[in-house]
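[1] Following is a predicted model, sequence given first.
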Amino acid sequence: MYLNCHTYYSLRFGTFSEVELLELAQARGVKTLVLTDINNTSACLNFIRKAPEYHIKSLVGIDFRNGAKQQFVGIAKNNKGFLELNELLSGYSHNKKCVPDQAPELKNSFIIYPFEAVLEQDKINFKTNEYIGVSVVELRKLPFTKYIQLKDKLVVQQQVTVRNKRDFNAHRLLRAIDNNTLLSKLQKTEECSEQDSMLAVNDLKEAFKQFPFIIENTAHILEQCNIKFSFGTARISQNQQTYLDSKDADFNYLKQLCEINLTKRYSAPSEKVKARLQTELNTIKDMNFVSYFLINYDIVSYAKHRGFVHVGRGSGANSIVAYIIGITDVDPIELDLYFERFINPFRASPPDFDIDFSWKDREEITQYIFKRFKHVALLATYNTFKYRAVVRELGKVFGLPKEEIDKLAADKYHTLELDEIGALVVKYGALIQGFPNHLSVHSCGILILEEAVHGYSATDLPPKGFPTVQFDMIIAEDAGIFKFDILGQRGLAKIKEAIEIIKYNRPELPPVDITQIEQFKKDPNINNLLKSGKAIGAYYVESPAMRGLMQKLQTQDYIGLVAASSIIRPGVSSSGMKQEFIKRQRLPETRIEANPKLLEIMPETYGIMIYQEDVLKVASQFAGLTLGEADVLRRGMSGKFRSRTEFLEVETKFISNCKARGYPDNLTMEVWEQIKSFAGYAFAKGHSASYAVESYQSLYLKCYYPLEFMVAVLNNGGGFYSAEHYIHEAKMCGAEVQPPCINTSDHSNIIKGKTIYLGFGYLKSLEHLVVQRLLTERQCHGAFSSLDDFIDRVLISIEQLTILIRIDAFRFTKQPKTELLWQAIFKCNANKTKTVQSQLFKPQQKTFVLPNLQTTIIEDAYDQMELLGFPLCSYFSLVDESLQPHIKAKALKTCINKTVLLYGVLVNTRFHKTSQGKRIRFCTFTDAEGQYFDTVHFTKVVHQYPVLGVGVYACYGKVTSDFDFCSLDIIWSKKLPLKPDPRGD
């Protein structure tokens, strides 16, 4: 009987979830229910999925509104009707049009006009599928209108938005937040009625007993409606089913691609390779994943055609088919990748292909996908109300002063101290917390479907301009809608741009082929960068933690890097297995400590679980779980299914199987605890291997084209470190780094020979339009010959010109900055009237005689710190204190267990919490020679000797060594003062 029900996906209007709506309906004896959220279909699929559990017939539609004003309600008769309604709403949304008073002709939907709107419009003519909705409250008015005569057009429209007084209060608060107004000023037209709730079926029939035809009409509508989707184990894939014109053609094409490319990957394919390939092809065909592979192949092929660099990751990286046809660059035979991690009979969803592109290329790839395939949309995600944010919003709604809102948002109050308003803010903040606030776009998910996207959801059109569905990935997968993951990252942009920079800076060299991964893996010079921790700028291997780990492991090959990429993850690290792995890697005699059975299962990792595949192997071979049970563990490790009963059942089975096999309880629990520690953190081995491939590409460029590579790193937002540190690294590689120059620099950094010219983009105070004018003028009419020439040709204010002079962008004039500043002031003031139009004759600039004015290196450094954010000279040259006798970083290995003093420039600092919740600080410094050293500030000194930003620090402590990686346990530290700023004199 309820044709107009809302959930909290009626954003900033509804007050409970779709599951709570079903629970309410069950409690009220409702057997058929229509979900009609306001201009939204987010809850529809999950509502349909969950309804059978409550023995309720679920129907869906849309409540079409302009703001809070209801225009009409559309109810889908069937799946075609749902598509119609979604298309209609999407049309209004995409074109930012208001919903009209009259619905268009819809063949598979019912339209319900609210009684009040019909009265207001004096509507007389109704189509066959159109009705007038009357609520319980409106029944009093109905007999006194002409519409009482239209007995076949009247239906029950008892809107359901709230359940009780608390919901109604929450609703009003949400409406006030949405309207950005005080609660006391909220218009009644913006609210629902407190009577917009669900009555028991018998009570509803009692209310309409004088109008039985209304009940009959409503029941007749509901009987005609039926909508169906399949979910869970009954689902079928909704993705595009064929790439070519048939499934047979698809499979033949996939086989042909493998045959053509096999010898490109394996010059002499072994029987093992051929057998694996045939097994995979058969499995891919049997599980109906052929089109999924071919679509990914199509996307990657387009990218290669455009010269874009890509990385294929995810469980699909375990596939030899994906490797052969070029979706990934990870050889599953070389790495002994577990086939069942990628596809197994218990996995109904396709394998994951996370395809990374440069962040600059990703949008073009997305555009290509939308043009290439017919039914495409982006996946949505829900941004929910966070507690602090909603408390702030509620504080404003109640008109509280900012100080009190800050106090409430920060939880800095005592319950007894709260006044009535404060208590309401806290109470309703806790209630509204977690409600969906607005829809956003999933970070990487794209849907490519067999049928029209609007058959599943309405779509929005976010700023990027790509249609986006209104549901998220969890319900999508449950309905058989599997996303394609297209990601953008800066690591690949660095690789691509480095190749472009090499072309212009070293044109005499042959083109760089970044695809020669096998050669890179065997290159001793590249591997030495890993072993010595000199991978700054290289993707995934540059952080202090990775740098230290690779030195401890003495990583010097691809397999070692794959392992390092995984053991640094929190799951392995927190279980203590990282340290154990390092020990067994460096000290082969300790490998006998491993359990023989585990060592037999995982010889490559010395009997230690470090990959998701290892968990599957242990579950199967150590504990005797079936492949299906092991797959439950795999899914459990994602974190999404940790609380599910099936995971707990597998835990019980694991322990009982181990007991039956005679394993000691302590061994069983030790292994199980390791498995549990992987939850949410474990890497698939293929995933680590994919990262390692990209790392090797970066390392190749860093090894042989370090200057060009560092410019590319800087131009793409750096990475783990600051721009200042990457500039330091460029200098360590032999670069001369110059501040911006008006005749040489661009908006980004450029390199000429071994000289790097910083880009104008570093000058945060310099207006973008000024840079644009400067570069356009220089490109069109050549370099600037003098300050006068620049002033004549570029429209610029004295404030903006001062920035360029102070950063020494006019150094080609050979005049001191101070003199140029005075000249600029005189000349700009003497020539105040400026025009954008080109001048026919150059004005004669006045010449002013100035005294000899010089600037110092210290002044330059302070100008650079102010304008760039860092000096281009060493901080050591700015220290205003004599250094005490000390050692350099290279001498640490000779001072193990001794207390020493080092001086260093802070590079990075980070905190870590101990198991007792106490804080430890880790820092990385570079000494006066530019070499790294690391410090550990334990709890007893972490607050006593704070680290206060970039600068030179005196670090006194005890040298410790962990597998030849030295660090300094700090006893005391002190930041040294810099020479005073002479510009204030």
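    Thanks, I have the structure now.
[2] make it CA atoms for all contacts and neighbour counts henceforth
    OK.
[3] neighbours around residue 516, how many?
    Residues within reach of residue 516, counting by other CA atoms under 10 Å, total 12.
[4] Could you do residue 41 as well?
    27.
[5] again, but for the one 3 residues further on
    The local packing of residue 44 (other CA under 10 Å) involves 26 other residues.
[6] just the one 5 residues further on next, same as before
    A total of 18 residues lie near residue 49 under the criterion other CA under 10 Å.
[7] One more: residue 761?
    Residue 761, neighbours per other CA under 10 Å, totals 19.
[8] tell me the contacts of the closest residue to it other than its chain neighbours?
    Nearest non-adjacent residue to residue 761, counting by CA to CA, 6 or more residues apart in numbering: residue 747, 5.1 Å away. Taking CA atoms under 8 Å, 6 or more residues apart in numbering, we find residue 747 in contact with 759, 760, 761, 771.
[9] May I ask which of the residues you listed has the most neighbours?
    Of the contacts of residue 747, residue 760 is surrounded by the most neighbours, 24 neighbours in total, counting by other CA under 10 Å.
[10] Hmm, residue 745 and that residue touching each other?
    Yes - using CA atoms under 8 Å, residue 760 is in contact with residue 745, at 6.9 Å.
[11] does residue 440 sit in a helix, a strand or a coil?
    Look at residue 440: counting by DSSP: H, G, I helix; E, B strand; the rest coil, its state is strand.
[12] which ones are touching it?
    Taking CA under 8 Å, 6+ apart, one finds 380, 381, 382, 383 in contact with residue 440.
[13] Give me the contact list for the helix or strand harbouring the second one.
    Meaning residue 381. Using DSSP states H and E, residue 381 sits in strand 375-384. Under the criterion CA under 8 Å, 6+ apart, residues 369-370, 433-442, 444-453, 466-473, 483 lie in contact with strand 375-384.
[14] Could you do stretch 327-337 as well?
    273, 296-297, 300, 311-313, 316-320, 322-323, 338, 559, 613, 685-686, 689-690, 693.
[15] Equivalent analysis for stretch 147-167, please.
    1-7, 13-16, 114, 130-136, 142, 168, 171, 192, 194, 196-198, 213-215, 217-218.
[16] Also stretch 554-566?
    For stretch 554-566, contacts defined as CA under 8 Å, 6+ apart pick out 335, 521-522, 524, 527-528, 530-532, 540, 546, 549-550, 572, 586, 610-611, 682-683, 685, 688-689, 691-692.
[17] What's the PyMOL syntax to select whichever of the residues you listed are buried?
    Here is the PyMOL selection string for the buried members of the contacts of stretch 554-566, based on 16 or more other CA atoms under 10 Å:
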select buried, resi 335+521+527+528+530+531+532+540+546+549+550+572+610+611+682+683+685+688+689+691+692
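[18] mind listing the strands for the stretch 701-850 of the chain?
    With strands called from DSSP state E, counting those that start in this stretch, the stretch 701-850 of the chain shows them at 736-738, 750-752, 755-757.
[19] and the last one, which strands flank it?
    This points to strand 755-757. Here strand 755-757 has these sheet partners by DSSP bridges: strand 736-738 (parallel), strand 750-752 (antiparallel).
[20] Wait, a strand at residue 925?
    Yes - looking at residue 925 with three-state DSSP, it is inside a strand.
[21] mind listing what it touches?
    Neighbours of residue 925 in contact, by CA under 8 Å, 6+ apart: 904, 905, 906, 907, 908, 932, 933, 934, 935.
[22] what do you get if the cut-off is 6 Å, keeping everything else the same?
    The contact partners of residue 925, taken as CA atoms under 6 Å, 6 or more residues apart in numbering, are 904, 905, 906, 907, 932, 933.
[23] Need phi/psi at residue 902.
    phi -130, psi 150 (degrees, to the nearest 10).
[24] Nothing else from me, thank you.
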